[in-house]
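Visitor: The following block contains a protein sequence and its predicted model.
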Amino acid sequence: MKEQNTKNKDFLSGPEILKEMNISWSGKMLEETADQYSKVSRVIPEIEWPFFAPYIKAINILKKDMNAVILAHNYQTPEIFHCISDIRGDSLQLAKEAGNVNADIILQCGVHFMAETSKLLNMDKTVLIPSMEAGCSLAESITGEDVRKIKKENPNIPVVTYVNTSAEVKAESDICCTSSNALDIVNSLESKEIIFLPDEYLAMNIAKETKKKIIMWKGRCEVHEEFTPEEIVEFRENEPGVKVIAHPECSPEVVAQSDFSGSTSAMINWVKDNQPKKVLMVTECSMSDNISVENPNVNFVRPCNLCPHMKTINLENILESLWNKKTEIKINPEIAIKAKQAIVKMIEL
Ligand code: 13P
Ligand code: SF4
């Protein structure tokens with residue numbers, strides 16, 4: 001069907017694809033998508049569902065027809081996270097699962113470095129990202145040339161690189177890490193000194209827990225650097241009994257004000273296991289939305305900050321990405337071989 005209908009056009013938009021697939025909102029669709037709606041009903045008003053449901057139906061049909069899987073990071077919006085994705089998780093879980101995918105196509109709902117990681121582990125597969133705007137302030141803070149310079153200035157010191165980096169930066173590294181295994185990776189290396197790139201705050205948080213000397217870089221997550229210890233103190237005063245859990249990309253001062261700090265999935269599990277009456281998740285906003293249905297007795301206190309990069313992904317550009325097979329992630333094979341080694345070393349540890 002797809003081949004015939006796209007003969008004369010290079011790129012079809014979301015509404016055009018829905019028309020080609022003969023999918024439009026109807027009362028019957030409300031019944032058909034009742035299960036999916038129940039998972040997001042606390043955060044998506046019923047009046048908005050007629051916009052989401054046709055896209056969800058179309059994406060799920062195309063996914064099967066094209067033998068594609070959708071990987072979604074924990075920061076994706078609830079309709080993406082709950083209604084169309086096959087594999088969900090933090091960066092480490094997504095990287096591990098990407099290595100086991102059998103489908104022909106991987107569509108990454110997350111930022112560019114995550115799609116690159118999937119490609120590195122599946123060089124023979126098509127890896128798609130719905131928006132090339134989905135960057136990351138950490139990944140953009142450092143280049144391969146920067147790493148080569150740091151290594152020259154600090155010879156024979158192993159380089160641990162956060163996965164929030166380009167393939168070119170990974171290729172210059174000894175091993176990668178994510179927020180969930182950073183301390184274990186640093187401690188696993190024999191050297192007493194470690195170059196840890198590029199997240200300065202994550203590096204400072206790790207430095208507090210290891211005996212090793214950490215050489216840092218000045219990268220920051222633009223979402224997590226916004227949180228301040230003062231606002232956490234203020235929230236504790238205004239919301240007595242609130243539990244505060246923070247991502248380790250926050251400053252050490254913010255982490256020090258928290259009851260728990262961990263990767264996005266570790267934060268989700270902490271809420272599931274502890275069932276606090278009130279919780280402040282010091283991270284990206286979609287996290288609370290995504291887990292609110294499964295934790296009906298937990299009151300999620302804001303603030304949270306939006307990641308503008310994660311938020312460039314939506315149902316419309318996911319459908320466009322699948323149908324038009326755009327945009328495909330490409331990595332220079334020479335860089336890919338070295339970058340993959342750093343990822344595989346991390347996964348195998
Ligand atoms: P996680 O690995 O904890 O999911 O973090 C990824 C990220 O980009 C957080 O900002
Ligand atoms: Fe990058 Fe921060 Fe967005 Fe995560 S939240 S993708 S680290 S900018």
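Guide: Nice, thanks for sending it over. Ligands and ions are numbered 1, 2, ... in the order given.
Visitor: Report the closest residue of the stretch 101-250 of the chain relative to ligand 1.
Guide: Ser179 (3.9 Å; CB to the nearest ligand atom). All C-beta atoms are positioned from the backbone trio N, CA, C, and that covers glycine.
Visitor: Could you find the closest non-adjacent residue to that residue?
Guide: Leaving aside its sequence neighbours, Ser179 sits nearest to Ser263 (CB to CB, 6 or more residues apart in numbering; 4.2 Å).
Visitor: Give me the secondary structure label for the closest residue to Ala339 other than its chain neighbours.
Guide: With CB to CB, 6+ apart as the criterion, Ala339 has its nearest non-adjacent residue at 3.8 Å, and that residue is Lys170. Put simply, Lys170 is helix when judged by DSSP: H, G, I helix; E, B strand; the rest coil.
Visitor: show me the contacts for Lys170.
Guide: Residues near Lys170 by CB atoms under 8 Å, 6 or more residues apart in numbering: 120, 161, 163, 176, 338-339, 342-343.
Visitor: Buried ones in the helix or strand that Lys152 is a member of, by neighbour count?
Guide: Lys152 belongs to helix 144-153 when assigned by DSSP states H and E. Neighbour-count burial for helix 144-153, with 16 or more other CB atoms under 10 Å as criterion, is recorded at 144, 146-147, 150-151.
Visitor: same check, this time on stretch 332-347
Guide: Quick answer for stretch 332-347 (16+ other CB under 10 Å): 335-336, 339-346.
Visitor: Return the alpha-carbon coordinates of that stretch using CSV.
Guide: The C-alpha coordinates for stretch 332-347 follow below in CSV (Å, rounded to 0.1, in the frame of the first residue of the first chain):
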residue,chain,number,x,y,z
ASN,A,332,31.0,6.9,9.8
PRO,A,333,32.0,3.1,10.0
GLU,A,334,35.5,3.9,11.3
ILE,A,335,34.1,6.0,14.1
ALA,A,336,31.4,3.4,14.7
ILE,A,337,33.8,0.5,15.3
LYS,A,338,35.6,2.4,18.1
ALA,A,339,32.5,4.0,19.6
LYS,A,340,30.8,0.6,19.7
GLN,A,341,33.7,-0.9,21.7
ALA,A,342,33.2,1.8,24.4
ILE,A,343,29.4,1.0,24.6
VAL,A,344,29.9,-2.8,24.6
LYS,A,345,32.5,-2.6,27.3
MET,A,346,30.0,-0.8,29.5
ILE,A,347,27.1,-3.2,28.7
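Visitor: Show residues contacting that stretch.
Guide: Contacts of stretch 332-347 (CB under 8 Å, 6+ apart): 95-96, 99, 116-117, 119-121, 123, 161, 163, 167-168, 170-178, 181, 185, 331.
Visitor: rerun at 6 Å
Guide: 96, 120, 167-168, 170-171, 173, 175-177 (CB atoms under 6 Å, 6 or more residues apart in numbering).
Visitor: tell me the two of these that are most distant?
Guide: Using CB to CB, the contacts of stretch 332-347 reach their maximum pairwise distance at Lys96 and Glu168, which is 22.5 Å.
Visitor: Report the distance from the helix or strand where Gln341 lies to the chain centre.
Guide: Per DSSP H and E: Gln341 is located in helix 333-348. How far helix 333-348 lies from its chain's middle: 19 Å, per CA atoms, centre = their mean, to the nearest Å.
Visitor: Within range of ligand 2, give me the residues from this structure.
Guide: 111, 136-138, 164, 221-223, 249, 284, 307, 309-310 (CB under 6 Å from any ligand atom).
Visitor: What residues of stretch 172-186 count as buried?
Guide: 172-183, 185-186.
Visitor: Also stretch 65-74?
Guide: So stretch 65-74, judged by 16+ other CB under 10 Å, has buried residues 66, 68-74.
Visitor: one step back: avg pLDDT for the helix holding Gln341?
Guide: Helix 333-348 shows a mean pLDDT of 97.
Visitor: and the angle from that helix to helix 144-153?
Guide: Per axes from the mean of the first three to the mean of the last three CA atoms, to 10 degrees, the angle that helix 333-348 makes with helix 144-153 is 70 degrees.
Visitor: Cheers, nothing more for now.
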